[in-house]
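Q: need a structure here:
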Amino acid sequence: MLTTLSLPATAALAVAGVAVDRWFGEPRRAHPLVAFGALANRIEKRLNTGRRGRPLGLAAWLAVLAPPVALAALLCAALPWPLAWALHVALLWFALGARSLEEHIAPIARALAERDLTAARALTARIVSRDTANADATALARAACESALENGNDAIFGALFWFAIAGGPGALAFRLANTLDAMWGYRTPRFLRFGWAAARIDDALNWIPARLTAASYALLGDTRVALLCWREQAPRWESPNAGPVMAAGAGSLNVLLGGAAVYHGAVEERPALGAGAPPRAEDVSAALRLVERTTILWLAVLLALAFLSVATHV
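A: From the prediction side, this is the model:
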């Protein structure tokens, strides 16, 4: 582990960070990501001139991400341990989005259960980039399930993995890298070259967490089907990390995801994910429960490893 924290301290602080996120959720006002995003936008506008796109994109990525992560690492190393531990917890809280994920997706399940398509469409439009104006209940449930499964990795498990490796600064680096990928990692004329580094670095940071997430989803549901879907369907998905996560999650839940979706007025056919029937309102809730059980599993594994490390040194 790259962090200077002991394994028992890492486990305890991880539990504390998840608990703080559960209690408080993301900051409602003055979220640090707002300032980070504004800075990223200013640097992108200054440097993304269309020339030397990839080198300048990497330079911009370093200019935006390196200072806050370096400062966090310096403070964690220099502060007395009570303050340093509190900072580790705060940084993990910043990087996590478990409560936010539930707050955005659970209302979609309720609206679908009440057959309120107008509300379900509006709620789903807040979390996905696809068009939902004319989406039926199945399309909305599919979008919500996919978002829950994929963001389980992006908003929870990736941050927990890098917290275990490098403490609060590691979780911070993952969250900021994921944010830059969301801002710059597009295959559009503007970002194809400039955003290349942001996209590839995020893929690299997510590679191991995504596969651990997929394995956890498989373990906590229909394992045989989940592993089969992961093996056969994930390679067809464009994203090297979203494919395993969503294929294993869909197979675990025995629902059929992927397929047609409308983006900017055009229908896009995506590879099928999972097996079974198309999702319904209860499957959206089941996807959230799968993410929650996976969080508990990861914390339990961390605590078990911490206990073993203490026992072997007694």
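
Q: Give me the longest helix you can find in the chain.
A: Longest among the helix segments of the chain by residue count, using DSSP state H, is helix 281-312.

Q: elements contacting that one?
A: helix 7-24, helix 98-113, helix 137-152, helix 158-184, helix 196-219, helix 242-253 (3 or more CB pairs under 8 Å, 6 or more residues apart in numbering; DSSP states H and E). All C-beta spots, glycine's among them, are computed from the backbone N, C-alpha and C.

Q: Could you rerun that using 7 Å?
A: Applying 3 or more CB pairs under 7 Å, 6 or more residues apart in numbering; DSSP states H and E, we find helix 281-312 packed against helix 7-24, helix 98-113, helix 137-152, helix 196-219, helix 242-253.

Q: These into TSV, with extra columns for mean neighbour count?
A: Shown next, in TSV, are these (neighbours: other CB atoms under 10 Å):
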stretch	mean neighbour count
helix 7-24	19
helix 98-113	20
helix 137-152	25
helix 196-219	21
helix 242-253	29
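
Q: List just the one of those helices that sits closest to residue 296.
A: Set against residue 296 and scored by CB to CB, the helices and strands packed on helix 281-312 come closest in helix 7-24, at 9.2 Å.

Q: Name the residues that touch the closest one?
A: Contact with helix 7-24 is made by 3, 5, 85, 88-89, 92-93, 96, 98-99, 160, 163-164, 167, 295, 299, 302-303, 305-306, 309-310, as judged by CB atoms under 7 Å, 6 or more residues apart in numbering.

Q: Quote the end-to-end distance of stretch 214-223.
A: In stretch 214-223, first residue to last residue: 10 Å (CA to CA, to the nearest Å).

Q: And the contacts of it?
A: 226-227, 230, 244-245, 248-249, 251-254, 290, 293-294, 297-298.

Q: ok, of these, which one's closest to residue 47?
A: The closest of the contacts of stretch 214-223, once distances to residue 47 are taken by CB to CB, is residue 245, at 31.8 Å.

Q: residues in contact with the closest one?
A: So residue 245 contacts 149-150, 153, 210, 213-214 (CB under 7 Å, 6+ apart).

Q: okay if I get those residues as a markdown table plus distance to residue 192 and pLDDT?
A: Output for these, formatted as a markdown table (distance: CB to CB, whole Å; pLDDT from 0 to 100):
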| residue | distance to residue 192 | pLDDT |
| --- | --- | --- |
| 149 | 27 | 97 |
| 150 | 23 | 96 |
| 153 | 25 | 96 |
| 210 | 23 | 98 |
| 213 | 28 | 98 |
| 214 | 28 | 98 |
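
Q: Would you list the phi and psi of the residue nearest to residue 17 when sequence neighbours are not counted?
A: Nearest residue to residue 17 in three dimensions, chain neighbours excluded: residue 92, at 3.1 Å (CB to CB, 6 or more residues apart in numbering). Main-chain dihedrals, residue 92, degrees, to the nearest 10: phi -70, psi -40.

Q: Surely residue 92 is in contact with residue 163?
A: Yes - using CB atoms under 7 Å, residue 92 makes contact with residue 163 at a distance of 5.1 Å.

Q: Could you tell me which residues touch both of those two?
A: Counting by CB under 7 Å, 6+ apart, the residues touching both residue 92 and residue 163 are 14, 171.

Q: And the contacts of stretch 93-107?
A: 17-18, 20-22, 25-26, 32, 123, 126-127, 144, 147-148, 151, 155-156, 159, 171-172, 174-175, 284, 288, 295.

Q: now swap in stretch 262-275 and tell me
A: Residues outside stretch 262-275 that contact it (CB under 7 Å, 6+ apart): 129-131, 225, 229, 233, 236-237, 246-247, 250-251, 253-261.
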